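[1] Got a predicted structure here, sequence first:
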Amino acid sequence: MGVTQSLYKNISERVYEFNKSSGNNGVPGIQLILLGIILSILSSSLTLKYLHKQKFKSSIKPLPAKLANNKERRWGHWKPEAFKAPIPKPYPDWDFKTTRPIPYRAFKHKYFVNMGIRSMDWNEWIELDNEWQKYHDLKLHRIATKNEQLYGTEPEARPAALELLNEFYQYLPNRYPKLFKQTTIGLDNLVTGESFNFFDHPLQEDPMLMIAKLIQDDIAVMVEAEDGNYYLKAGAIMLAGFWRLKDKLHLCLSDIHTSGDVPKYSTHLKAGMEKFFQRQTCDKPVVRNNYFIQTDNNLAWSDSIGDESNDSIGWYTAPKVKNIENCYFRSERQSVRRLPISGAMIFTVRTYFLPVEELCKEPFVPRRLFDGINSWDEDVKEYKGYEAFKDILMPYLEKKAKEQEAQGYTIENEKNCYPY
Ligand SMILES: *[C@@H]1O[C@H](CO)[C@@H](O)[C@H](O)[C@H]1NC(C)=O
């Protein structure tokens, strides 16, 4: 076991070396071949015996998707693909102080349970704005108090985590050149002065921890196993509001959702989602949005449902909210993409958070939100904590909707442009 693990580590660091050189100046052929061999082995469950058998048989290097033929792969045996994510354009006029959060208002008059995915523009993989500092400070505070409960990288996900660092190395300084700068050892944050070393042997910090400090999102790495399921094997879950990494680590997609009581998961979502994960190709990233009502102002952890360290909590332990000032609109923008070398699936969750009273100043919002919530089925209501806020929120939305309708903001005048 010890030998396997140190081998693993060794290999991971060499994969990293590859990432470093490809980040800077293209990939020498011999390293590519080495990497191909290493990764083809790593992507399956690794044993020394297997390593010896495979090392000489395969001459694998990252191949064009067609040749890699991952469509026909045995589960858990992803072949490295030569795909490279396009270099993003700089975010137009992005500014640390003035770029406002994107106002996703991802609710419709009628609520549907479905995956609701759209294709993602590569430029928009990670969204940063003038709340970056707030999110960052909150994360640092969380790290200081909870540390390793919030992030981690299991051995199965280490190659993916290192590959992911390389993705950020490319993406962030190109998309947000006023915030990030590439250095020979990683990334510098031009505003905070933080410096991240991606290429140390061994790394000084967990790769997921470094990633958490770079972006506003939470992030999770799902690794395909030989049973065809995707398991949560690395992540940084710091501001999730209602769930904890420790509850979901090592679980597969389906158990993650059923343990969270996601409504209609088995009947409406499971089959489609599993198929989607298995078939997802590297060049087709997707995004989706969702929304919740929260009854406190704590972005990181909704303490109105209970203490974060308490395992017996949920909406069922939440008291009824007493006033509209304590109602918050919480909305996630999630992305899912597959990494080409490791084949791991990368799930990002960016949370947007604002008081319902602010939200309701926007045209058409109160009626649409009222209708949307009103159309939740019983199981959705239970999942989203309807009982805890309905007596305060619904009359408020109704009142605001009527005020707006008197001014002409009626359904008939509303444009349909989800997610708004
Ligand atoms: C956990 O939360 C429940 C519900 O609020 C409470 O009854 C229980 O005492 C809590 N347990 C601990 C250990 O704090």
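    Yep, that arrived.

[2] residue boundaries of the strands in this protein?
    Secondary structure of the chain, counting by DSSP state E: strands at 118-119, 151-153, 180-182, 186-189, 195-197, 218-224, 230-236, 286-294, 328-338, 345-355.

[3] With distance to residue 400 and mean pLDDT added, can I get those in TSV?
    Any C-beta I mention is one placed from the backbone N, CA and C, and that applies to glycine too. As requested, these are exported to TSV (distance: least, Cβ to Cβ, whole Å; pLDDT from 0 to 100):
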stretch	distance to residue 400	mean pLDDT
strand 118-119	29	96
strand 151-153	39	98
strand 180-182	40	98
strand 186-189	40	98
strand 195-197	44	98
strand 218-224	31	98
strand 230-236	37	98
strand 286-294	15	96
strand 328-338	13	98
strand 345-355	13	98
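
[4] Go through those strands and name the closest to the ligand.
    With Cβ to the nearest ligand atom as the criterion, the ligand lies closest to strand 286-294 of the strands of the chain, at 16.9 Å.

[5] helices or strands up against that closest one?
    Under the contact definition 3 or more Cβ pairs under 8 Å, 6 or more residues apart in numbering; DSSP states H and E, strand 286-294 sits against strand 118-119, strand 328-338.

[6] Residues in contact with that strand: which ones?
    With contacts defined as Cβ atoms under 8 Å, 6 or more residues apart in numbering, strand 286-294 is touched by 104, 106-107, 115-120, 124, 241-242, 280, 302, 304, 327-337, 353, 356, 373, 384-385, 389, 393, 419.

[7] relative to strand 328-338, how tilted is it?
    For the pair strand 286-294 and strand 328-338, the angle between their directions (axes from the mean of the first three to the mean of the last three Cα atoms, to 10 degrees) equals 160 degrees.

[8] count of neighbours near the residue in the stretch 101-250 of the chain positioned nearest to the ligand?
    Of the residues in the stretch 101-250 of the chain, the one nearest the ligand is residue 244, at a distance of 14.0 Å by Cβ to the nearest ligand atom. Under the neighbour criterion other Cβ atoms under 10 Å, residue 244 is assigned a count of 16.

[9] How about the contacts made by it?
    Residues in contact with residue 244, defined by Cβ under 8 Å, 6+ apart, are 149, 237, 308.

[10] for residue 109, same thing?
    Residue 109 sits next to 367, 368, 371, 372, 375, 411 when contact means Cβ under 8 Å, 6+ apart.

[11] Now do it, the pLDDT please.
    According to the model's per-residue confidence, residue 109 sits at a pLDDT of 94.

[12] Could you do the one 5 residues further on as well?
    What the model reports for residue 114 is a pLDDT of 83.

[13] Renumber starting at 5 from here on
    That works, and once the first residue is 5, the last one we named lands at residue 118.

[14] I'd guessed it sits against residue 269; true?
    No: taking Cβ atoms under 8 Å as the contact criterion, residue 118 and residue 269 are not neighbours in contact, 11.5 Å apart.

[15] how near is residue 76 to the ligand?
    Here the distance between residue 76 and the ligand works out to 49 Å (Cβ to the nearest ligand atom, to the nearest Å).

[16] I'd like the strands of the chain as a markdown table, with mean neighbour count appended.
    Conversion of these to a markdown table gives the following (neighbours: other Cβ atoms under 10 Å):
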| stretch | mean neighbour count |
| --- | --- |
| strand 122-123 | 10 |
| strand 155-157 | 22 |
| strand 184-186 | 18 |
| strand 190-193 | 19 |
| strand 199-201 | 16 |
| strand 222-228 | 25 |
| strand 234-240 | 25 |
| strand 290-298 | 19 |
| strand 332-342 | 22 |
| strand 349-359 | 20 |
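
[17] Of all those, which one is nearest residue 134?
    Across the strands of the chain, the minimum distance to residue 134, taken as Cβ to Cβ, is reached by strand 349-359, at 12.5 Å.

[18] What segments of the stretch 5-154 of the chain are helices?
    6-29, 33-46, 52-61, 69-72, 136-150 (DSSP state H, counting those that start in this stretch).

[19] do the same with the stretch 255-404 of the chain
    In chain order, the stretch 255-404 of the chain shows helices spanning 257-263, 274-283, 360-363, 369-378, 382-387, 390-410, with DSSP H, counting those that start in this stretch as the criterion.

[20] pLDDT score assigned to residue 11?
    Predicted confidence (pLDDT) for residue 11: 32.

[21] How about the one 5 residues further on?
    At residue 16 the predicted local confidence, pLDDT, stands at 44.

[22] Likewise for residue 55?
    Spelled out, the predicted local distance difference test score at residue 55 is 37.

[23] sorry, back to before: Throw the strands of the chain into TSV and include distance to the ligand, thanks.
    Supplementary listing: the strands of the chain in TSV, determined by distance: least, Cβ to the nearest ligand atom, whole Å:
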stretch	distance to the ligand
strand 122-123	38
strand 155-157	24
strand 184-186	41
strand 190-193	38
strand 199-201	37
strand 222-228	24
strand 234-240	25
strand 290-298	17
strand 332-342	20
strand 349-359	23
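
[24] would you turn these into JSON lines with distance to residue 276?
    Listed next are these as JSON lines, based on distance: least, Cβ to Cβ, whole Å:
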{"stretch": "strand 122-123", "distance to residue 276": "15"}
{"stretch": "strand 155-157", "distance to residue 276": "29"}
{"stretch": "strand 184-186", "distance to residue 276": "36"}
{"stretch": "strand 190-193", "distance to residue 276": "37"}
{"stretch": "strand 199-201", "distance to residue 276": "37"}
{"stretch": "strand 222-228", "distance to residue 276": "16"}
{"stretch": "strand 234-240", "distance to residue 276": "14"}
{"stretch": "strand 290-298", "distance to residue 276": "13"}
{"stretch": "strand 332-342", "distance to residue 276": "13"}
{"stretch": "strand 349-359", "distance to residue 276": "15"}
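
[25] where does this structure dip in pLDDT?
    Along the chain, the parts satisfying pLDDT under 70 run over 5-64.

[26] quick one on the thing from earlier: I'd like to know which of the strands of the chain is closest to residue 143.
    Checking the strands of the chain against residue 143 by Cβ to Cβ gives strand 234-240 as the closest, at 8.4 Å.

[27] May I see the domains of the chain written out as residue ranges?
    Each domain of the chain is listed here as a residue range: 6-71, 122-410, per automatic domain parsing.
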